[in-house]
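In: requesting a structural model of the entry that follows:
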Amino acid sequence: MSPMKWPLVFIVVFLLLSGVFYVELCKNREITENNAACTAGTAVMDLEKEAYKV
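Out: Residues are numbered from 1 along each chain as shown. Modelled structure (predicted):
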C-alpha cells in the first residue's frame, strides 16, 4: 500500500468506529430516531455500506 493511501484508510476506520459508537449509544439508551447523534451515526453506517458495495 502506498503511503498516500494511509490518510484515506484512517478516515474510513474513524468513520466506521464513530458510526458503530453512535449506533451502540442509541441501543444502550434506547434513544428515539429524532436524536441527532443517532441519526448521524446510522447515516454514516448506511454510507459506508454503499461504499463497500463498489
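In: what about the strands in the protein?
Out: Under the criterion DSSP state E, the chain contains no strands.
In: biggest helix in it by residues?
Out: The residue-count maximum for a helix in the chain (DSSP state H) belongs to helix 6-29.
In: that helix packs against which elements?
Out: Contact analysis of helix 6-29 by 3 or more C-beta pairs under 8 Å, 6 or more residues apart in numbering; DSSP states H and E lists helix 36-53 as its packing neighbours. Any C-beta I mention is one placed from the backbone N, CA and C, and that applies to glycine too.
In: what is the mean pLDDT for the helix it packs on?
Out: Averaged over helix 36-53, pLDDT sits at 71.
In: returning to that earlier point: what mean pLDDT does the longest helix of the chain get?
Out: The average pLDDT for helix 6-29 rounds to 76.
In: can I get that helix in PDB, CA atoms only?
Out: Output in PDB follows, covering the C-alpha atoms of helix 6-29 (Å, rounded to 0.1, in the frame of the first residue of the first chain):
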ATOM      1  CA  TRP A   6      -2.900   5.900   4.700                       C
ATOM      2  CA  PRO A   7      -4.900   9.100   5.400                       C
ATOM      3  CA  LEU A   8      -7.900   7.600   3.500                       C
ATOM      4  CA  VAL A   9      -7.600   4.300   5.400                       C
ATOM      5  CA  PHE A  10      -7.600   6.300   8.700                       C
ATOM      6  CA  ILE A  11     -10.700   8.300   7.700                       C
ATOM      7  CA  VAL A  12     -12.600   5.100   6.800                       C
ATOM      8  CA  VAL A  13     -11.700   3.400  10.000                       C
ATOM      9  CA  PHE A  14     -12.600   6.500  12.000                       C
ATOM     10  CA  LEU A  15     -16.000   6.800  10.300                       C
ATOM     11  CA  LEU A  16     -16.700   3.100  10.800                       C
ATOM     12  CA  LEU A  17     -15.800   3.300  14.500                       C
ATOM     13  CA  SER A  18     -17.800   6.500  15.100                       C
ATOM     14  CA  GLY A  19     -20.800   5.000  13.300                       C
ATOM     15  CA  VAL A  20     -20.700   1.900  15.400                       C
ATOM     16  CA  PHE A  21     -20.300   4.000  18.500                       C
ATOM     17  CA  TYR A  22     -23.400   6.100  17.700                       C
ATOM     18  CA  VAL A  23     -25.500   3.000  16.900                       C
ATOM     19  CA  GLU A  24     -24.500   1.400  20.200                       C
ATOM     20  CA  LEU A  25     -25.200   4.600  22.000                       C
ATOM     21  CA  CYS A  26     -28.700   4.600  20.500                       C
ATOM     22  CA  LYS A  27     -29.300   0.900  21.500                       C
ATOM     23  CA  ASN A  28     -27.900   1.400  25.000                       C
ATOM     24  CA  ARG A  29     -30.000   4.400  25.900                       C
END
